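Colleague: Okay, predicted coordinates and the sequence, questions at the end:
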Amino acid sequence: MPLIVQTPENSEPQQCFQYKKLQKSKWQAYLNFAVVGIFWVVYGALVISYGRIGMKLLTASRKNPDFPNAVKYNKTAWKSFFVPFLFTICFVPYHSVRIFYIVSQMETGTSCDRINVLDKTNEVVLLLSALNSCLDPVMYFLLCSSIRKMMLKIICNRFCQQITRGLMSSSDTPQEQPKISVVMPMTDAQEHEVQ
């Protein structure tokens with residue numbers, strides 16, 4: 001928040017890239033380092049806790065294979081490994097590159113080539129971290145059977161409605177509808193009236 005509220009520096013002409021310099025205000029660099037440090041603490045806690053949960057579930061399913069929930073434990077264990085895997089793919093590259101990016105902003109006399117490489121790398125890993133918001137719904141769809149069933153039901157209902165509407169509107173000329181006769185069994189009272 002302090003970095004967003006602060007007024008931006010004036011752009012300097014003849015510069016290879018308008019790079020935010022942190023030489024004058026070291027507190028910004030330390031704040032950035034603190035945020036990166038907080039990420040690594042949270043990441044460590046996430047990996048350890050999900051890993052321990054997954055290992056306990058795997059151990060329980062292997063120790064008691066005849067247990068009624070052994071298959072569920074096994075599936076849940078593998079699902080619990082998938083969450084930190086996705087978190088690692090999306091966020092670890094960004095926070096790894098971020099360290100070098102902050103250091104380069106603090107240095108004086110950094111070459112334009114190095115700045116451009118770090119900037120492009122930062123943009124790529126930033127895209128990976130933004131990809132997490134796209135992958136979360138996919139993860140819920142793949143890992144949660146109740147969400148998967150609900151989504152498939154919604155998609156099927158919509159798709160079937162569109163097909164039905166398409167078939168109804170595609171016929172330009174009125175066609176004779178086939179007549180369907182339904183034979184209903186007679187009740188005793190109806191049979192008595194016929195006789």
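Modeller: Sure, I can see it.
Colleague: low pLDDT regions in this structure?
Modeller: 1-25, 163-164, 166-195 (pLDDT under 70).
Colleague: Walking through the chain, point out its helices one by one.
Modeller: Using DSSP state H, the helices of the chain run over residues 2-5, 26-63, 70-106, 112-143, 145-170, 188-194.
Colleague: who touches residue 76 in this structure?
Modeller: residue 57 (C-beta atoms under 8 Å, 6 or more residues apart in numbering). C-beta coordinates here come from the backbone N, C-alpha and C atoms, glycine included.
Colleague: burial count for residue 72?
Modeller: By the criterion of other C-beta atoms under 10 Å, residue 72 has 12 neighbours.
Colleague: Correction: the previous question concerned residue 57.
Modeller: Per other C-beta under 10 Å, the neighbour tally for residue 57 reads 22.
Colleague: likewise the one 3 residues further on?
Modeller: Residue neighbour count, defined by other C-beta under 10 Å, stands at 16 for residue 60.
Colleague: One more: the one 5 residues further on?
Modeller: Neighbour count for residue 65, taken as other C-beta under 10 Å: 9.
Colleague: Repeat that for residue 102.
Modeller: Residue 102: 20 neighbours (other C-beta under 10 Å).
Colleague: Spatially nearest residue to it (excluding sequence neighbours)?
Modeller: residue 32 (4.8 Å; C-beta to C-beta, 6 or more residues apart in numbering).
Colleague: and what of residue 97?
Modeller: In space, residue 97 is closest to residue 125, 4.9 Å off (C-beta to C-beta, 6+ apart).
Colleague: Next, the contact list for the one you found, please.
Modeller: Contacts of residue 125 (C-beta under 8 Å, 6+ apart): 93-94, 96-97.
Colleague: ditto for residue 75
Modeller: Counted by C-beta under 8 Å, 6+ apart, residue 75 has zero contacts.
Colleague: so how far is residue 45 from it?
Modeller: Distance, residue 75 to residue 45, using C-beta to C-beta, to the nearest Å: 24 Å.
Colleague: before we move on, back to that, most packed of the helices of the chain?
Modeller: Ranked by mean neighbour count, those are led by helix 70-106 with a mean of 16 (mean count of other C-beta atoms under 10 Å).
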